[in-house]
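Peer 1: I would like to see how this sequence folds:
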Amino acid sequence: MQSTIGDAAGKVWKYLKKNGPTSTTKLATECELDNKLVQRAIGWLTREDKLVTIQKGRSEMIDLKES
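Peer 2: I've put the predicted structure just below:
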């Protein structure tokens, strides 16, 4: 399971690096991952202090933290 989540985190990170702030729903669609796996990947990347959340109206966007 840990390998699966790590792979998903890599896909999410690469997508955000290329495309910028994105909703979790769009991440799931674009990365071809189910919602639970996207949430786990976001948790993984958050634990590594690599993500920020951006509130846009009622929507929450996920983005990479600037180095």
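Peer 1: identify the residues contacting the helix or strand where residue 36 lies?
Peer 2: Using DSSP states H and E, residue 36 maps to helix 35-47. With contacts defined as CB atoms under 8 Å, 6 or more residues apart in numbering, helix 35-47 is touched by 4-6, 8-9, 11-13, 24-25, 27-28, 31, 33, 51, 62. C-beta coordinates here come from the backbone N, C-alpha and C atoms, glycine included.
Peer 1: residue boundaries of the helices in this protein?
Peer 2: Listed in chain order, the helices of the chain (DSSP state H) span 2-19, 24-31, 35-47.
Peer 1: switch those over to TSV; also include mean neighbour count and distance to residue 58.
Peer 2: Listed next are the helices of the chain as TSV, based on neighbours: other CB atoms under 10 Å; distance: least, CB to CB, whole Å:
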stretch	mean neighbour count	distance to residue 58
helix 2-19	15	21
helix 24-31	17	13
helix 35-47	17	18
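Peer 1: export these to a markdown table and tack on distance to residue 66?
Peer 2: Output for the helices of the chain, formatted as a markdown table (distance: least, CB to CB, whole Å):
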| stretch | distance to residue 66 |
| --- | --- |
| helix 2-19 | 12 |
| helix 24-31 | 19 |
| helix 35-47 | 14 |
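Peer 1: sweet, I'm off.
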